[in-house]
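[1] What follows is a protein structure lacking sequence information:
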């Protein structure tokens, strides 16, 4: 999906925008003036509004970043984002400012908000410049290097980073997944062993170059296990190496839907599938097929066990 849509977006081939859209900021801001309340006296729409510049949380966020205190900085800047959430011009300015600060998650969210506030409410009806803010290609050198090394489409890597962390290197989930591509420590240790990185430490998962390398390596293993089904790879990656490895034995793997995250509402179940005689609690072949066909308790981030059929 990311490849089909974003590649077209980046190249301006959606056919829904004017042929004059050259991907420039100038075009995007002309479009913004057609529907957002920008004020007749505002000549530079990208220039940060004085309300934001004077905002104490904005100032605190910048000060924390200067001190390399990223956590408190993100908390302060998050307050700024929510404070101006319904003003399209200010949200647009924040999308640009957050990107310049390197707080990419906040930039992506803000750009997506501009699209949601626009009359068309559609990515394909939005200028290419804003599409690129919402679907960026940050860490391009790292992604290109690892995509080339493992012969994987870089757009798939960008899609996974966006889905997993919104390009925030310090992201951590309730399941302890860390970094850009949300690798859990146990999987990280296994990958480090496979790659011969004997000095690996769990904290390394926050390093972008480590996260991308490990994430792409794991994605390749997942693609092989899922017979090239990228959606299934995304689901399997959320359950760990054991499930991904054993999925090769699931005869109906390619028939399973591929939602963004596992959910208890996934349906239909694999046609003709019957669980093995002894499915509980350690039969990962059963877990993989049952889980991705509707029985997995994906609604709870705290539980990684498959749901017993009943």
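    Yes, it's here. In this text, all values refer to a predicted model and were calculated from it rather than measured experimentally.
[2] where are the low-confidence patches of this protein?
    1-19, 40, 225-310 (pLDDT under 70).
[3] all strands of it, in order?
    Counting by DSSP state E, the chain has no strands at all.
[4] any idea how it splits into domains?
    Per automatic domain parsing, the structural domains of the chain span 2-134, 137-225, 249-310.
[5] Mean neighbour count added to the ones you listed, as CSV?
    Just so you know, the C-beta spots here come from the backbone N, C-alpha and C atoms, and that holds for glycine as well. Converted to CSV, these look like this (neighbours: other C-beta atoms under 10 Å):
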stretch, mean neighbour count
domain 2-134, 17
domain 137-225, 18
domain 249-310, 16
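[6] dump the residue contacts of the nearest residue to residue 73 once chain neighbours are set aside.
    The spatially closest residue to residue 73, leaving aside those adjacent along the chain, is residue 64, at 3.5 Å (C-beta to C-beta, 6 or more residues apart in numbering). Applying C-beta atoms under 8 Å, 6 or more residues apart in numbering to residue 64 gives the contacts 70, 72-73, 76.
[7] contacting residues around stretch 81-99?
    Against stretch 81-99 from outside (C-beta under 8 Å, 6+ apart): 32, 35-38, 42, 45-49, 51-52, 55, 57, 77, 80, 104, 106-107, 109-111, 113-114, 117-118, 130, 133, 136.
[8] do the same with stretch 100-110
    So stretch 100-110 is contacted by 61-62, 65, 73-74, 77-78, 81, 91-92, 94-96, 98-99, 133-136, 138, 162, 165-168, 171 (C-beta under 8 Å, 6+ apart).
[9] let's see 10 Å
    For stretch 100-110, the surrounding residues in contact (C-beta atoms under 10 Å, 6 or more residues apart in numbering) are 48, 61-62, 65, 70, 73-74, 77-78, 80-81, 84-85, 90-99, 133-136, 138-139, 161-162, 165-171, 180.
[10] Please apply the same query to stretch 36-55.
    Contacts for stretch 36-55 (C-beta under 10 Å, 6+ apart): 25-26, 28-30, 32-33, 58-59, 61, 76-77, 79-80, 83-84, 87-97, 100, 114, 117-119.
[11] again, only using 6 Å
    29, 58, 80, 88-90, 93, 96-97 (C-beta atoms under 6 Å, 6 or more residues apart in numbering).
[12] re the thing from before, please identify which of the contacts of residue 64 is nearest to residue 146.
    Of all the contacts of residue 64, residue 70 has the smallest distance to residue 146: 23.7 Å, by C-beta to C-beta.
[13] residue contacts, that closest one?
    By C-beta under 6 Å, 6+ apart, the contact set of residue 70 is residue 170.
[14] Check the spacing between it and residue 158 real quick.
    22 Å (C-beta to C-beta, to the nearest Å).
[15] got it, and residue 48?
    The value you get for residue 48 to residue 158, if C-beta to C-beta is used, is 27 Å.
[16] same thing with residue 124?
    18 Å.
[17] would you turn the contacts of residue 64 into TSV with distance to residue 191?
    What follows is these, written out as TSV (distance: C-beta to C-beta, whole Å):
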residue	distance to residue 191
70	25
72	31
73	30
76	34
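[18] What is the nearest of the residues you listed to residue 198?
    Nearest to residue 198 among the contacts of residue 64, counting by C-beta to C-beta, is residue 70 at 28.6 Å.
[19] and the closest one, how far is that from residue 153?
    Taken as C-beta to C-beta, the span from residue 70 to residue 153 is 30 Å.
[20] Quick one: the contacts of stretch 36-55 as JSON lines, columns for distance to residue 196 too.
    Shown next, in JSON lines, are these (distance: C-beta to C-beta, whole Å):
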{"residue": "29", "distance to residue 196": "50"}
{"residue": "58", "distance to residue 196": "45"}
{"residue": "80", "distance to residue 196": "44"}
{"residue": "88", "distance to residue 196": "50"}
{"residue": "89", "distance to residue 196": "52"}
{"residue": "90", "distance to residue 196": "49"}
{"residue": "93", "distance to residue 196": "47"}
{"residue": "96", "distance to residue 196": "42"}
{"residue": "97", "distance to residue 196": "42"}
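[21] Name the nearest of those relative to residue 222.
    Closest approach to residue 222 among those (C-beta to C-beta): residue 96, at 35.1 Å.
[22] still on that earlier bit, which of the contacts of stretch 81-99 fall in helices?
    Taking DSSP state H, the ones among the contacts of stretch 81-99 that sit in helices are 32, 51-52, 57, 77, 80, 104, 106-107, 109-111, 113-114, 117, 130, 133.
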